[in-house]
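J.: Using only what follows, build the 3D model:
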Amino acid sequence: MVTIRLATPDDFVAVRELTTAAYVTAGHIDPNSSYAQTLVDMAARQDGLYVAEVDGAIAGAVNFVPPGSQKSQVAYDNEGEFRMLAVAPHYQGRGVGRALVQFALDMAQSQGLDRVAITTMASMTSAQAMYEAMGFHRAPERDWNLYTAGLAEDPEGLETFMVYVHPLNSTTSSKGDSWLTT
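T.: Okay, here's the model as predicted:
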């Protein structure tokens, strides 16, 4: 069973390790990139950081970003966003990522938000399949790269980050595990 709770400082080492494994060791991002450092900056991530536990072990983590937060990358008004979703390699494929995504959807719905937006990388095909199975839809008009975000001076050769959006209404989220069976 997966339990999700607000992270505490005691969780930070585990979150750092599993996030590095899920992003850097798995080959999705360069270990020397500034984003690799952002992923493990627990002081910057601690607000809105949630962990997933399985049998008392930290199995995954995610940041939930409410509307208006400076941490928001792609969310519009009245949209939630989740970022830096990571699952420890030995827990991948066991429902931990799905539980964290469902948690973010439930959080957004409980706050009366209209949608949840996320960014993913082209190499993260397993995550994309999960998002689509959970009702997320591609929003290619919202895709971005470091140049369009004002973080790079040259648009040549930059990876395009893909945006997915999940609409919310009174029937999309059930505060339970019904999403785990669809």
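J.: drop to CA atoms for contacts and neighbour counts, all remaining ones
T.: OK.
J.: Now for the chain, the helix or strand with the poorest mean pLDDT.
T.: Sorting the helices and strands of the chain by mean pLDDT, DSSP states H and E puts helix 34-39 at the bottom, at a mean of 88.
J.: and residue 97, that's in a helix?
T.: Yes: assignment of residue 97 by DSSP: H, G, I helix; E, B strand; the rest coil places it within a helix.
J.: Using neighbour counts, pick out the buried residues of the next helix or strand after the least confident helix or strand of the chain.
T.: Toward the C-terminus, helix 34-39 is succeeded by helix 42-45 as the next helix or strand (DSSP states H and E). Of all the residues in helix 42-45, those buried under the rule 16 or more other Cα atoms under 10 Å are 42, 45.
J.: Can you give me the first-to-last residue distance of stretch 145-162?
T.: 9 Å (Cα to Cα, to the nearest Å).
J.: any idea of the mean pLDDT for it?
T.: Averaging pLDDT along stretch 145-162 gives 84.
J.: Which residues does that stretch contact?
T.: 119, 120, 121, 122, 138, 139, 140, 142, 143, 144 (Cα atoms under 8 Å, 6 or more residues apart in numbering).
J.: ranges for the strands of the chain?
T.: Remark: strands assigned in the chain by DSSP state E are 2-6, 49-54, 57-65, 79-87, 115-120, 137-138, 162-167.
J.: pLDDT value on residue 27, please?
T.: Model confidence at residue 27 (pLDDT) stands at 88.
J.: Distance-wise, check it relative to residue 123.
T.: Taken as Cα to Cα, the span from residue 27 to residue 123 is 9 Å.
J.: Repeat that for residue 56.
T.: The value you get for residue 56 to residue 123, if Cα to Cα is used, is 30 Å.
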